[in-house]
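Trainee: Based on what follows, work out the 3D shape:
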Amino acid sequence: MSKVQLIAIMLNLGLLGVIIELIRRGRLKEKYSLLWLFSIGVMLLLSFWRSLLHIIAEWFGIFYAPSLLFLVAFLFLILISLHFTVAMSGFAEKNKRLAQEIGLLKHELEKVNSIIK
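Mentor: Just a heads-up that it's a prediction; the model follows:
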């Protein structure tokens with residue numbers, strides 16, 4: 001087992017431990033953790049099963065197979081960024097709608113208060 005392979009395995013196991021701890025403490029919701037757990041599983045599979053790593057690297061035309069692990073990690077970061085961007089866009093829309101509803105409710109409350117006085 002090469003140094004790069006050992007480092008990749010150790011980093012993935014460390015990240016797996018961090019993700020599980022965040023889930024256990026309730027700081028990371030399960031629906032967001034699935035993408036993390038899936039990608040850690042893929043990275044561990046590629047780290048342990050080196051011949052699969054070489055086959056996929058050859059198929060993509062990558063000369064140094066362990067660099068495929070870093071490519072997979074980079075692609076994962078792009079996917080997670082896209083996922084959170086979509087989630088944030090939804091939250092921004094909900095936030096705008098809630099602010100509008102609060103404004104309408106304040107206006108109604110002011111109308112009721114002016115009638116009572």
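Trainee: counting contacts, what elements does the longest helix belonging to the chain pack onto?
Mentor: Secondary structure of the chain per DSSP state H: the longest helix is helix 67-116. Counting contacts by 3 or more CB pairs under 8 Å, 6 or more residues apart in numbering; DSSP states H and E, helix 67-116 packs against helix 30-48, helix 50-60. Every residue, glycine included, has its C-beta placed from N, CA and C.
Trainee: Does residue 42 touch residue 72 like I think?
Mentor: Yes. Residue 42 is within contact range of residue 72, at 6.5 Å (criterion: CB atoms under 8 Å).
Trainee: so who does the residue most central in space within the chain touch?
Mentor: Closest to where the C-alpha atoms of the chain average out (CA atoms, centre = their mean) is residue 80, at 3.9 Å. Residues near residue 80 by CB atoms under 8 Å, 6 or more residues apart in numbering: 35, 36.
Trainee: mind redoing it with 10 Å?
Mentor: 32, 35, 36, 39 (CB atoms under 10 Å, 6 or more residues apart in numbering).
Trainee: per-residue pLDDT, the second one?
Mentor: What the model reports as pLDDT for residue 35 is 84.
Trainee: likewise the first one?
Mentor: Model confidence at residue 32, expressed as pLDDT, equals 80.
Trainee: I am finished for the moment; much appreciated.
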